[in-house]
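S.K.: missing the sequence, but the structure's below:
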């Protein structure tokens, strides 16, 4: 199966951004290990700080990917447009967050994506991406 891991704003800074919350490993290093963990599947990765590029990636996934693991970062709580794009495509999407957003600031506790995704995985750090792949399988 072919999966897209789609990361939103500031996730390009993993490993250096607030490591006490998000950890010390870069996503690129983790992605190498994740591909080794799932050798029978074709994993692709895209990250953008731009809302429209995330929407384009979602729309362009149709007919290409079997599923999407989406960490929309801060857009999770603010982007009706990304939530609408998830709802508009037939590709199953699993929402992932490194931290447990339910135990953080009140504004992080609302996910506009949650009603539109297959499921949400919160608080397991980078392992959440592997859990997302298992959920899609």
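M.R.: Perfect, thanks for sending it. Since the structure is predicted, the reported quantities are computational estimates derived from the model, not experimental observations.
S.K.: Point out where the protein drops to low pLDDT.
M.R.: Low-confidence segments of the chain, defined by pLDDT under 70, span residues 103.
S.K.: 50 instead?
M.R.: Screening the chain residue by residue with the criterion pLDDT under 50, one finds no matching range.
S.K.: Where do the strands of it begin and end?
M.R.: Under the criterion DSSP state E, the chain carries strands at the ranges 2-7, 42-47, 67-71, 93-97, 119-122.
S.K.: Residue 110 and residue 17: what is the separation?
M.R.: Between residue 110 and residue 17 the computed distance is 22 Å (C-beta to C-beta, to the nearest Å). Where you see a C-beta, it was placed from the backbone N, CA and C, and this is true even at glycine.
S.K.: I should have written residue 71 there, sorry.
M.R.: According to C-beta to C-beta, residue 71 and residue 17 sit 13 Å apart.
S.K.: between these two, who's got more neighbours?
M.R.: Set residue 71 next to residue 17 and count neighbours by other C-beta atoms under 10 Å: residue 71 wins out with 25 against 12.
S.K.: Quick one: the strands of the chain as TSV, columns for distance to residue 131 too.
M.R.: What follows is these, written out as TSV (distance: least, C-beta to C-beta, whole Å):
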stretch	distance to residue 131
strand 2-7	12
strand 42-47	14
strand 67-71	9
strand 93-97	8
strand 119-122	5
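S.K.: give me the number of residues near residue 39?
M.R.: The criterion is other C-beta under 10 Å. On that basis, residue 39 has 8 neighbouring residues.
S.K.: Please enumerate the helices of the protein.
M.R.: Listed from the start of the chain, the chain has helices (DSSP state H) covering 19-22, 27-37, 51-60, 80-88, 127-136.
S.K.: Can you say which of the ones you listed is packed in most?
M.R.: Highest mean neighbour count of the helices of the chain: helix 127-136, a mean of 19 (counted as mean count of other C-beta atoms under 10 Å).
S.K.: What is the neighbour count of the closest residue in space to residue 41 that isn't next to it in sequence?
M.R.: The shortest distance from residue 41 to any residue other than its chain neighbours is 5.1 Å, reached at residue 1 (C-beta to C-beta, 6 or more residues apart in numbering). Applying the criterion other C-beta under 10 Å, we find 13 residues in the vicinity of residue 1.
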